[in-house]
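**Student:** Return atomic coordinates for the entry below.
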Amino acid sequence: MILTQTTIRRHFSAVLIGVSTFALGGQISAQQASTATSASTATTISIPDGPLEQALSTLARQTNLRLLYRTEITVGKTTGGVSGPVTPSGALGVLLQGTGISYRFTDAGAIVLENGGGSVDADPGAGDATVLAPIQLRGTTAKPSDQPYETAGSSSYISSEQIERFRGSTTGDIFKNTPGVISANNHNGGAVNVNIRGLQGQNRVRVAIDGTQQTTTTWRGYAGVDDRTYVDPDLIGGVSVSKGPTGGAEGAGVNGGVVGIRTLNASDIVEEGNTYGGRLRVGAQDNVTSHFTINALDRQQQTAPADFFDFRNGNGSIALATVQDSFDLVIAAARRYRGNYFAGKYGETKYNFDGVEKDLSFTKPGEEVYNTSSESSSFLAKGTWHIDDDQSFELGYVRYESTYGEALPSLLFTQPQTYRQAALSSVATDTITARYHYNPDDLVDLRVNAWMSIVDQIDISTGLAFYLPPYVTPGTRPPGDDPRYSLTHTFGGDVSNAMKFDTDYGGLNLSYGVSYLLEDVDSKPYYSRTYANSPGVLMNPSIGQRAIGSAFTQAEWEPTDWLKFNGGLRFDAYRLNDDGITSTTGVREKSGGRLNPSVSATITPVDGLQFYALYSEGMRPPTMRETMGNDGNVTPNPNLSPELSQNWEVGINYMMDGLFTDDDAARFKISYFDNSYTDYISRVPAPPVPGMPVFTFENLRRARFSGIEVSGSYDVGPFFAQGQLTYYTGYEFCRRRVACSDTTVSLDYAANHMPPELMTSITVGTRLFEDKLTAGVRVTHAGERLSPVTQQARMYTGVWNPYTVVDAFATYKVNDNVSLDFQAENLTDRFYVDALDGWNPSPGRTFRATLTAKF
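**Tutor:** Now for the predicted structure:
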């Protein structure tokens, strides 16, 4: 470890106590009622025509049947209803007529619904009827990919299939199909750093891995800070994105949104119907170096990439899992290496600033891009004990280690000197989770969670000697590459319950809970200097704790089949404690809190079509870096107020199976958002005082973003298409006592958070040879930067020209267990700088091949 073993032992003991008190658990989704009425006893039933899902829920309430089914088989389907004296099983048969769904008994009052097949219409307790063994369905909620299209508010879901289809050069590339979301600095640092609708950094967006916070805030020079999260894509089971203030434990203290990354479960590896399973995956790529030399200068760049199968660049992973009656277990490991990549060869290399042509990057077309390498190893273990049909307990552990190249974005700005390959940075993360889940009936859906994460990081502070005059070499005058150490322990826990009521005035769902998060940051002073023999400036990074507690509740009332209301309240409280050696501001503690409401309404005039409106508020507390301790040439401001978000959104959802044919599926979502941020925290020039930092922080009167998002898909078997579009209709930044401006505040971090005004992508593909071959292309376009770059901000603000990039993919199923994946990133070999990616050009044409074997 980088700092002290005593610190780790102290926090590890604390988490063991937390794990013994709290627990986390898996999901058992089944529509349940007590089995009091025999399936063959006639009773009076009255169920109107309408959505099948609602009719089945009514049947279960009226007859006390226990229905077990995967809810995705009922999505978009309707029924003609049933009324009069009839047996429960007879009523079920009438409701299912024409739906393609069959049923079978497991015991008296318990029935499994399935797609296809013939129904068994008999009382299993009578005569010679066959009694089927009871089964247990786990995780049978609606398809996560469909949830954004039935949610009042903007959300997105990235499936494991989408991740595998477009692997890209970094983990952050998985967001390229997601409207309103960009992973910033995507090719500089090897981490995920999410921007949602223009908000980024300083804990505005939370990236939660299995409900935990692993994010660290890392200083990036004049360009600002990164919120970094590390995970291997081979260990991801799915990603959900919620935009704006969010309910539940994960939304505490954030106003930009929550990215929820779910790691692999046993069910992701074990095929349905089996008890054991495994997955082996190996891959290779080209357009990268097999090696590089630390401190090599730009004139020493390599000119030719390594061979495709050089047995160094590539990735490999293995996962083993079992699903038993009483427990699930999955163990997985991944390893990947990528050297410095090469830029594309064709495209514009200049941008225009005030009529003058400037270089987009120091790196020229086709050249090796220094400081872009990455090498990582990961391990995952997750086990779930199904104590009985109503409760479960899960323990999980994830380890990630990486060494990677990076450079401060502000140092990548073109200078007259040469530049070099710097020393590598490194990070190691450990995440421990425990989950308990208890769901005996509709009034108790209890979840108790506890977790801990450790992030041990060394960033190389290259200083101005990242560039060297022509007469200086690293050998004649060694650069001052001083390491910046940080060790962050984050502890969290939450308790929540969900209740379902059936009243004379419609269905009512109520959820409520509390959460607590404690982030303990430790670090060491370091020198910021140009050369190793320079005196330098002593830097003192933040040391201390940040705690956030939250109490939240959410209610959903559905008075009719076509109308639904949601309302919520969240109280967030925070406390900051500065434990630094010296106090920059003289303030060692700061606290505050706020009650934040949310309300939405959804109208469903016809099945599959929804209109919704949403208003929500959220609070983002100031950080330690902004208020107490800072190593970024900034004077902290202990008088900062929290940021308050006030978000409006209206939209339309459409989801329909069987739109034009019996087996097609159509999904569509369009939304307009108008997000206002009162007391937005901005970096501004400090009063000129000799020997003092040149920046400080202040609360702006307001910042505002508005725009339109569109997403949709259509799948008809042999053909499928998917697309997304984000267009910002307006923005402004308003300082106090100053008129609002259509540019970011001079010298603010937000200068590097401004997304493209327009960003869109479309994917089209086909399935051939009895679905053995799936192939297609994706076209991505990014327009101009949303706000113009000011003269003061030009030297530390990343700039890009509008670009269009084409990617291609193909998957061939050799048999049921073996498949080959091929990807071509940047098929036309364009030279371009990605949006929000500083001055590093993106990879040129890159081919990847991956072999996946399941057993």
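**Student:** CA atoms for contacts and neighbours, from now on please.
**Tutor:** Noted.
**Student:** How about residue 844, nearest residue that isn't a chain neighbour?
**Tutor:** Leaving out its chain neighbours, the residue that sits closest to residue 844 by Cα to Cα, 6 or more residues apart in numbering is residue 344, at 3.5 Å.
**Student:** swap in residue 310?
**Tutor:** Nearest to residue 310 is residue 290, by Cα to Cα, 6+ apart, at 7.4 Å.
**Student:** follow-up on the earlier one: the residue nearest to residue 844 touches residue 846, doesn't it?
**Tutor:** No - using Cα atoms under 8 Å, residue 344 is not in contact with residue 846; the gap is 9.4 Å.
**Student:** rewinding a little: show the contacting residues for the residue nearest to residue 310.
**Tutor:** By Cα atoms under 8 Å, 6 or more residues apart in numbering, residue 290 lies in contact with 305, 306, 310, 312, 313, 338, 339.
**Student:** Look up how far residue 289 lies from the last one.
**Tutor:** Remark: distance between residue 339 and residue 289 (Cα to Cα, to the nearest Å) = 5 Å.
**Student:** What strand or helix carries the closest residue to residue 150 other than its chain neighbours?
**Tutor:** Sequence neighbours aside, residue 653 is the residue nearest to residue 150 in space, at 6.3 Å (criterion: Cα to Cα, 6+ apart). Taking DSSP states H and E as the definition, one finds residue 653 inside strand 643-657.
**Student:** residues of that strand that come out buried?
**Tutor:** 643-657 (16 or more other Cα atoms under 10 Å).
**Student:** What pairs with that strand, parallel or antiparallel?
**Tutor:** Strand pairing for strand 643-657, using DSSP bridges, gives strand 609-620 (antiparallel), strand 665-678 (antiparallel).
**Student:** Export the contacts of residue 290 as JSON lines, with columns for secondary structure.
**Tutor:** Putting the contacts of residue 290 into JSON lines (DSSP: H, G, I helix; E, B strand; the rest coil) gives the following:
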{"residue": "305", "secondary structure": "coil"}
{"residue": "306", "secondary structure": "coil"}
{"residue": "310", "secondary structure": "coil"}
{"residue": "312", "secondary structure": "coil"}
{"residue": "313", "secondary structure": "coil"}
{"residue": "338", "secondary structure": "strand"}
{"residue": "339", "secondary structure": "coil"}
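**Student:** Of these, which pair is most distant in space?
**Tutor:** Across those, no pair lies farther apart than 305 and 312, at 12.3 Å, counting by Cα to Cα.
**Student:** wait, residue 556 sits on residue 565?
**Tutor:** Yes - using Cα under 8 Å, residue 556 is in contact with residue 565, at 5.7 Å.
**Student:** For the residue positioned nearest the centre of the chain, list the residues it contacts.
**Tutor:** Nearest to the geometric centre of the chain sits residue 259, at 3.0 Å (Cα atoms, centre = their mean). For residue 259, the contacting residues are 205, 206, 207, 208, 239, 240, 241, 242, by Cα under 8 Å, 6+ apart.
**Student:** Now render those residues as a markdown table, adding distance to residue 807, neighbour count and pLDDT.
**Tutor:** Formatted as a markdown table, the contacts of residue 259 follow (distance: Cα to Cα, whole Å; neighbours: other Cα atoms under 10 Å; pLDDT from 0 to 100):
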| residue | distance to residue 807 | neighbour count | pLDDT |
| --- | --- | --- | --- |
| 205 | 28 | 28 | 94 |
| 206 | 29 | 30 | 94 |
| 207 | 27 | 27 | 94 |
| 208 | 29 | 20 | 94 |
| 239 | 21 | 23 | 95 |
| 240 | 23 | 20 | 95 |
| 241 | 23 | 21 | 95 |
| 242 | 27 | 22 | 95 |
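**Student:** Return the subset of the residues you listed lying in strands.
**Tutor:** Using DSSP state E, 205, 206, 207, 208, 239, 240, 241, 242 are the members of the contacts of residue 259 that sit in strands.
**Student:** Residue 98: which of those is nearest?
**Tutor:** Of the ones in strands among the contacts of residue 259, the one sitting nearest to residue 98 (Cα to Cα) turns out to be residue 240, at 33.7 Å.
**Student:** what's the nearest residue to the closest one if we skip its chain neighbours?
**Tutor:** Leaving aside its chain neighbours, residue 240 sits nearest to residue 157 (4.5 Å; criterion: Cα to Cα, 6+ apart).
**Student:** for the record, mean pLDDT for stretch 490-499?
**Tutor:** For stretch 490-499, mean pLDDT rounds to 97.
**Student:** likewise stretch 757-767?
**Tutor:** On average, the pLDDT along stretch 757-767 is 97.
**Student:** Give me the residues contacting that stretch.
**Tutor:** Stretch 757-767 is touched from outside by 176-177, 179, 717-729, 773-786, with contacts defined as Cα under 8 Å, 6+ apart.
**Student:** Now list the buried members of these.
**Tutor:** Taking 16+ other Cα under 10 Å as the criterion, what is buried in those is 176-177, 179, 719-728, 773-786.
**Student:** Out of those, list just those in helices.
**Tutor:** When DSSP state H defines the helices, the subset of the buried ones among the contacts of stretch 757-767 inside them is empty.
**Student:** Give me the subset of the residues you listed that lies in strands.
**Tutor:** Short answer: those in strands (DSSP E) are 719-728, 773-782.
**Student:** pLDDT weak spots in the protein?
**Tutor:** 1-40, 71-72, 106-110, 116-142, 221-222, 298-299, 409-418, 463-471, 630-632, 691 (pLDDT under 70).
**Student:** Residue 774 against residue 812, yeah?
**Tutor:** Yes - taking Cα under 8 Å as the definition, residue 774 is a contact partner of residue 812 at 6.5 Å.
**Student:** just to revisit the earlier point, quick one, which of the strands paired with strand 643-657 is nearest to residue 577?
**Tutor:** When those are compared by Cα to Cα, strand 609-620 sits nearest residue 577, at 16.7 Å.
**Student:** Going along the chain from that closest one, find the next helix or strand for me.
**Tutor:** Assigned by DSSP H and E, the successor of strand 609-620 is helix 624-627.
**Student:** what about that next one, distance to the chain center?
**Tutor:** Centroid separation between helix 624-627 and its chain, computed with Cα atoms, centre = their mean, to the nearest Å, is 25 Å.
**Student:** just stretch 658-670 next, same as before
**Tutor:** Offset of stretch 658-670 from its chain centre (Cα atoms, centre = their mean): 26 Å.
**Student:** Can you list the buried residues in the biggest strand by length in the chain?
**Tutor:** Longest strand in the chain, counting residues (DSSP E): strand 482-503. By neighbour count on 16+ other Cα under 10 Å, the buried set for strand 482-503 is 482-500.
**Student:** So what are the sheet partners of the next helix or strand after that strand and their directions?
**Tutor:** Downstream of strand 482-503, the next assigned helix or strand under DSSP H and E is strand 506-523. Taking DSSP bridges as the criterion, strand 506-523 sits next to strand 482-503 (antiparallel), strand 544-560 (antiparallel) in its sheet.
**Student:** With distance to residue 610 added, can I get these in CSV?
**Tutor:** Listed next are the strands paired with strand 506-523 as CSV, based on distance: least, Cα to Cα, whole Å:
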stretch, distance to residue 610
strand 482-503, 22
strand 544-560, 14
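**Student:** Which one, of those strands, ends up nearest to residue 111?
**Tutor:** Closest to residue 111 of the strands paired with strand 506-523, according to Cα to Cα: strand 482-503, at 21.4 Å.
**Student:** tally of neighbours for the closest residue to residue 209 other than its chain neighbours?
**Tutor:** Residue nearest to residue 209 in three dimensions, not counting chain neighbours: residue 261, with 4.7 Å by Cα to Cα, 6+ apart. Residues within reach of residue 261, counting by other Cα atoms under 10 Å, total 21.
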